[in-house]
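K.L.:
mind folding the following:
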Amino acid sequence: MKKLLRFGVSMEKSLLEEFDALINEKGYTNRSEAIRDIVRDRLIEENIKHTGAGAYGALVYIYDHHQRELEKSLANIQHEYFKNIISTSHVHIDHDNCFEVILLRGKVGEIKSIADRMLSMKGVKHGKLTLTTAIKKEKNKSNHKHKIK
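P.N.:
Alright, predicted model coming up:
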């Protein structure tokens with residue numbers, strides 16, 4: 001188990017009350033867990049600002065499948081970036097609309113470029129890219145090793 005360090009945090013009463021309401025709403029059992037999650041989120045945010053950093057992404061979008069050549073163009077982009085694409089899921093929402101989720105990996109700049117190309121195509125109605133990365137951990141002190149692709 002990792003060694004935990006204690007530190008104090010000072011803030012206005014009203015801000016603390018809002019924070020307590022939020023952590024109760026989200027189901028945290030204590031403030032420490034909520035603060036750790038906030039710190040992790042901020043560290044990830046800072047890490048993915050660097051276009052050369054390694055990251056994972058989830059690209060979700062809805063498109064009109066009647067839009068001429070759109071499905072072919074989207075598929076061509078996916079084939080072009082097959083090394084970055086982990087998985088694709090396709091759902092027929094209704095007669096006119098499809099929903100796709102593409103899981104990606106690679107450098108932040110590459111992932112953003114793929115998303116920008118796909119989301120800017122005529123017929124893509126709405127989409128969003130969410131990026132994340134693993135927080136760097138201390139060197140593994142155990143004897144076993146993990147393969148990283």
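K.L.:
what's the residue closest to the geometric middle of the protein?
P.N.:
residue 131 (3.0 Å; CA atoms, centre = their mean).
K.L.:
three-state assignment of it?
P.N.:
Look at residue 131: counting by DSSP: H, G, I helix; E, B strand; the rest coil, its state is strand.
K.L.:
and the gap between it and residue 123?
P.N.:
Counting by CB to CB, to the nearest Å, the separation of residue 131 from residue 123 is 24 Å. The C-beta positions use only the backbone N, C-alpha and C, and glycine is treated the same way.
K.L.:
mind listing what the residue nearest to the centre of the chain touches?
P.N.:
48, 55-57, 108, 111-112 (CB atoms under 8 Å, 6 or more residues apart in numbering).
K.L.:
just the ones in strands from those, please.
P.N.:
Members of those lying in strands (criterion: DSSP state E): 55-57.
K.L.:
packing partners of the lowest-mean-pLDDT helix or strand in the chain?
P.N.:
Among the helical and strand segments of the chain, the one scoring lowest on mean pLDDT, DSSP states H and E is helix 31-47, with a mean of 89. Secondary-structure packing of helix 31-47 (3 or more CB pairs under 8 Å, 6 or more residues apart in numbering; DSSP states H and E): helix 13-26.
K.L.:
show me how this protein divides into domains.
P.N.:
Annotated domains of the chain cover 13-47, 54-132 [automatic domain parsing].
K.L.:
tell me which of the ones you listed sits most buried.
P.N.:
The highest mean neighbour count among those, using mean count of other CB atoms under 10 Å, belongs to domain 54-132: a mean of 15.
K.L.:
average pLDDT for it, rounded please.
P.N.:
In this model, domain 54-132 carries a mean pLDDT of 96.
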